[in-house]
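A.B. asks: whatever this is, show me its structure:
(2 chains)
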Amino acid sequence: MIADPFIQWTWIFAHGHEMWTYTVQHLVLTIVPVVAGLAISLPIGILAQRHRRLYNPVIWAAGLLYATPSLALFLLLIPLTGLNLALVEIALTAYTLRILIRKIVTGVDAVPAEVVDAATGMGLTRRQILWRVQVPLAMPAIMAGVRVATVSTIGLVTVGAVIGRGGLGQFITDGLQILFTTEILLGAVLSVLLAVLAEAGLLALQRFITPWTRKALAGATG
Amino acid sequence: MTVMISLRDVSKQFPTSSGAAVNDLSLDINEAEICVLVGPSGCGKTTTMRMINRLIEPSSGSILVGGTDVMSQDPVVLRRGIGYVIQSVGLLPHRTVEQNIATVPSLIGWDESRIKTRVRELTALLDLDEEFLRRYPGELSGGQRQRVGVARALAADPPVMLMDEPFAAVDPIVRARLQDQFLEIQRRLKKTIVFVTHDIDEAIKLANRIAILNFGAKVEQYAPPEEILRAPASDFVSRFVGAERGLKRLALISVADVEIEAGPVVQKSATQEEARSVMRETERDWVVVLEGDKLLGWIDWRMMEGGRDVADADPREFAAIVTPGSSLRTALDIIVTSRTHIAVVVDNENRYQGIVTLDRLTAELRP
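C.D. replies: So this is what the prediction gives:
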């Protein structure tokens, strides 16, 4: 009996199409919950930053969601959504909330008080101060949250494939059923690669939208 | 003198503290003048200033700016019409210098070309490099940031400016330069300025009138700097003004303000006898030598030995020279370091005006 090679490269080359399809699926499955999470966290975070007594209950609730094991959360949601894509996306969105809300609150907290004071003194309205001063200045922290949320969502999407919703995890679940090492490894390596690339891409985006943080480092003295 | 800002029986009680931060304060601030609020920390000077643009709401009393009660106006509109500069500057770190300066003009809807012109004007006025306009505040030095802060406050040309320790965060050399520049700009623009500081020397240098505040923003004295130094109204004021009160006052008086003596003077054409008789009359062993009204220098007794006339001696240059615009403090410094204990006053065209003596200065110091 001839032993199978550990990695069958010919199999990999023959499945380029699936690699592409699963990567795109994986990306969509990741982007939707991160964007939805951000859209939900932003108002909640801003509210919790302004009204301090809301902060602890909000973080507690988001933490509870975060601590629920993913499969358990899926099972909890099945009666609401059925076993479909919405189920995965809602669960994944829930997982991003804790990190995003915390980062938004920290980010807005870190805006120097004198900047807000000067802005108020110049006659900016509260809304203008929020959108033109506080949110832009909180952007480095918010983007750090988005990076963590994205990377962890990419990992969770891989797990989500267990219920047959595609993404790179599909390689792993399919490979596990027939104990085919090549396919399992391909799924794992591609999802790690995707996480690394997403992290790098978001970092580049952050530097692009916060140009002042780059230049201030080289600030003049005296 | 028109009153621009009027505080009437203003009090501020913060909910968390026992005493009033500002207790029944009344103060009139003249148009086109710099009014400096000075006092120990916690005396309520910043609270007082911040009530003028309603960053803090007074608990009672009324504040009028340009005759209108600030409480009857929308705070946002009110603030856009009042320049505001704070110690930490508070430039928006994520906006370029140009965008920072343009903040209020764009809020009140100026068109782009007008804003651009205005920003260039202010850049020139504050002696900033146009190249800075594209930079972020984090790339500037402390002094440059302060100047951008002042430019930003002046942008929409508000009649009133509030400045809270605007020069406190920079080193003394930069601070002195910023103060001089600020006075120079104020001479041209004639804004009504409320300026808060804890530094009495800064107050003396900048103010048209100083309000010395005790705790609860109690006005101990409200007067021009010279008057505060000459006649402190209370022990608190004397202590706050501190030592060297006389010296500080000398800095405010210029040579042109006092009577100067004619001094021992001869023309270049004078004979030896004439020169010696001037020396005897004035009880000095030297004379000032003039040609017409131009100063040539001085000669002393020894230089005329051997029967030489004034024209034969080579007059020496005076080291101790002041101009009518010099302060008496400068004159004093020159007098105490000069051999003859006098300072010679000449105008910018080297025309002799007279001499300032130590006696004259001490007379000036007496109240």
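
A.B. asks: for the residue in the stretch 201-350 of chain B that chain A sits nearest to, phi and psi?
C.D. replies: Chain A sits closest to B:Ala217 of the stretch 201-350 of chain B, with a gap of 19.5 Å, by CB to the nearest CB. From N, CA and C alone the C-beta is placed, and that goes for glycine too. Dihedral pair for B:Ala217: phi 60, psi 40, per degrees, to the nearest 10.

A.B. asks: can you give me the pLDDT of residue 36?
C.D. replies: By default, I'm working from chain A. A:Ala36 is assigned a pLDDT of 96 by the prediction.

A.B. asks: nope, chain B please
C.D. replies: As predicted, B:Val36 sits at a pLDDT of 97.

A.B. asks: now do the one 10 residues further on
C.D. replies: With respect to pLDDT, B:Thr46 has a value of 95.

A.B. asks: out of the helices and strands in chain A, which is least certain?
C.D. replies: helix A:70-81 (a mean of 75; mean pLDDT, DSSP states H and E).

A.B. asks: is chain B contacted by the very next helix or strand once past that helix?
C.D. replies: From helix A:70-81 onward toward the C-terminus, using DSSP states H and E, the following helix or strand is helix A:85-109. No: for helix A:85-109 and chain B, the contact criterion (CB under 8 Å from any CB of the partner chain) is not met; the two come no nearer than 12.5 Å.

A.B. asks: which element follows helix A:85-109 toward the C-terminus?
C.D. replies: Under the assignment DSSP H and E, the closest C-terminal helix or strand after helix A:85-109 is helix A:113-121.

A.B. asks: tell me the mean pLDDT over that next one?
C.D. replies: Mean per-residue pLDDT for helix A:113-121: 95.

A.B. asks: residues touching B:Gly153, list them.
C.D. replies: Slight slip there: residue B:153 is Ala, not Gly. B:Gly83, B:Tyr84, B:Val85, B:Met161, B:Met163 (CB atoms under 8 Å, 6 or more residues apart in numbering or on different chains).

A.B. asks: longest helix anywhere in the chain?
C.D. replies: Answering for chain A, as no chain was given. helix A:16-50 (DSSP state H).

A.B. asks: hm, I was asking about chain B
C.D. replies: For chain B, the longest helix by residue count, based on DSSP H, is helix B:172-189.

A.B. asks: ok, and what's touching that helix?
C.D. replies: By CB under 8 Å, 6+ apart, the list of residues contacting helix B:172-189 from outside reads B:34, B:125-127, B:142-143, B:146-147, B:150, B:154, B:166-168, B:170, B:193, B:202, B:205-206.

A.B. asks: ranges for the helices of chain B?
C.D. replies: B:45-52, B:75-80, B:97-101, B:103-107, B:112-125, B:142-154, B:172-189, B:200-206, B:225-230, B:235-241, B:245-250, B:272-282, B:328-337, B:358-365.

A.B. asks: quick one: mean pLDDT for the second one?
C.D. replies: Taken as a whole, helix B:75-80 has a mean pLDDT of 96.

A.B. asks: which parts of that helix are buried?
C.D. replies: The neighbour-count check on helix B:75-80 (16 or more other CB atoms under 10 Å in any protein chain shown) flags B:Pro75, B:Val76, B:Leu78, B:Arg79, B:Arg80 as buried.

A.B. asks: element containing the residue lying closest to the second one once chain neighbours are set aside?
C.D. replies: Residue nearest to B:Val76 in three dimensions, not counting chain neighbours: A:Gly123, with 5.0 Å by CB to CB, 6 or more residues apart in numbering or on different chains. Taking DSSP H and E as the criterion, A:Gly123 maps to no regular element, lying outside all helices and strands.

A.B. asks: report the contact partners of A:Gly123.
C.D. replies: Neighbour list for A:Gly123: B:Val76, B:Val77, B:Leu78, B:Arg79, B:Arg80, B:Gly81, B:Val104, B:Leu107 [criterion: CB under 8 Å, 6+ apart].

A.B. asks: so the residue of the stretch 201-350 of chain B closest to chain A makes contact with B:Pro40?
C.D. replies: No: taking contacts as CB atoms under 8 Å, B:Ala217 lies outside contact range of B:Pro40: 11.4 Å.

A.B. asks: who has more neighbours, these two?
C.D. replies: Using other CB atoms under 10 Å in any protein chain shown as the criterion, B:Ala217 and B:Pro40 rank with B:Ala217 on top: 27 against 13.

A.B. asks: how close does the more buried one get to B:Pro224?
C.D. replies: 20 Å (CB to CB, to the nearest Å).

A.B. asks: which bits of chain B sit near chain A?
C.D. replies: By the rule CB under 8 Å from any CB, the part of chain B lying against chain A is B:53, B:55, B:76-81, B:84, B:86-95, B:103-104, B:107, B:135-144, B:152, B:162.

A.B. asks: mind doing that once more with 6 Å?
C.D. replies: Residues of chain B lying close to chain A by CB under 6 Å from any CB of the partner chain are B:55, B:76, B:79-80, B:84, B:86, B:88, B:90, B:93-94, B:103-104, B:136, B:138-141.

A.B. asks: please pick the buried ones from those.
C.D. replies: Burial by neighbour count, 16+ other CB under 10 Å: within the residues of chain B next to chain A this picks out B:55, B:76, B:79-80, B:84, B:86, B:88, B:90, B:93-94, B:103-104, B:136, B:138-140.
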